[in-house]
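Participant: give the three-dimensional model of this entry:
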Amino acid sequence: MISFDKFCLSLKRLEELHEYRHRQDSYLAHHLQEALAESVIHRFKTCYDCLWKVLKRYLDEELAVPNAPNSPKGVFRLADHNNLLSSQIEQWIRYANTRIATSHDCDGETVEACIALLSHFIDDAIGLYATLSGMPWEYYEPSISLRSNIGVFRSCSERTSWECQYGSTDRR
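Facilitator: Next comes the predicted model:
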């Protein structure tokens, strides 16, 4: 069984930070806007890397696709061939090119192009998660313990009423 934990956690953190940046951008000083944009791009790169690796594992283990490529673009093409992607393959190649561009050059133009693409990437990543896992993207709650720093996906119906109301199991 494929674990989606790292992918889900990285996507949730990207989603949160992107939303925060969108709300705060006009209120922050220029240097803080830049720092926040850099953080969002870092989250994008982490999420993108988790996404294509989970997708490759899914192709290997769940669909038993022989000789799945070891590169993101090849994995996306194969996923498109297997009808796993909700958007056109060209959009996924655009994500791959953006990931590459942000690794080599993070000038203002590259940053803005990446930021402009993020809402679509987040939506497509959520759609891909739903397709691969068979679960809706309802709620993702990080479960921190001494042994693990990985989150656990749980819908509200799987949580206690206290958790749903207060967002925590801590009743202090």
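
Participant: from now on I want contacts and neighbour counts done on CA atoms only, so please keep to that.
Facilitator: Noted.

Participant: any low-confidence regions in this structure?
Facilitator: The chain contains residues with pLDDT under 70 at 25, 139-172.

Participant: can you do 50?
Facilitator: For the chain, the stretches flagged by pLDDT under 50 are 143-172.

Participant: just the strands in it please.
Facilitator: For the chain, the strands defined by DSSP state E occupy 140-141, 152-153.

Participant: identify the residues contacting the closest residue to H18 other than its chain neighbours.
Facilitator: Spatial nearest neighbour of H18, excluding adjacent residues (CA to CA, 6 or more residues apart in numbering): V40 at 6.1 Å. Contacts for V40 (CA atoms under 8 Å, 6 or more residues apart in numbering) come out as L14, L17, H18, R21, I115.

Participant: let's see it at 10 Å
Facilitator: By CA atoms under 10 Å, 6 or more residues apart in numbering, the contact list for V40 reads 13-21, 34, 46, 111, 114-115, 118.

Participant: wait, which of the residues you listed is closest to W137?
Facilitator: Set against W137, the nearest of these by CA to CA is E15 (11.9 Å).

Participant: tell me, how many residues neighbour the closest one?
Facilitator: Neighbour count of E15, defined by other CA atoms under 10 Å: 21.
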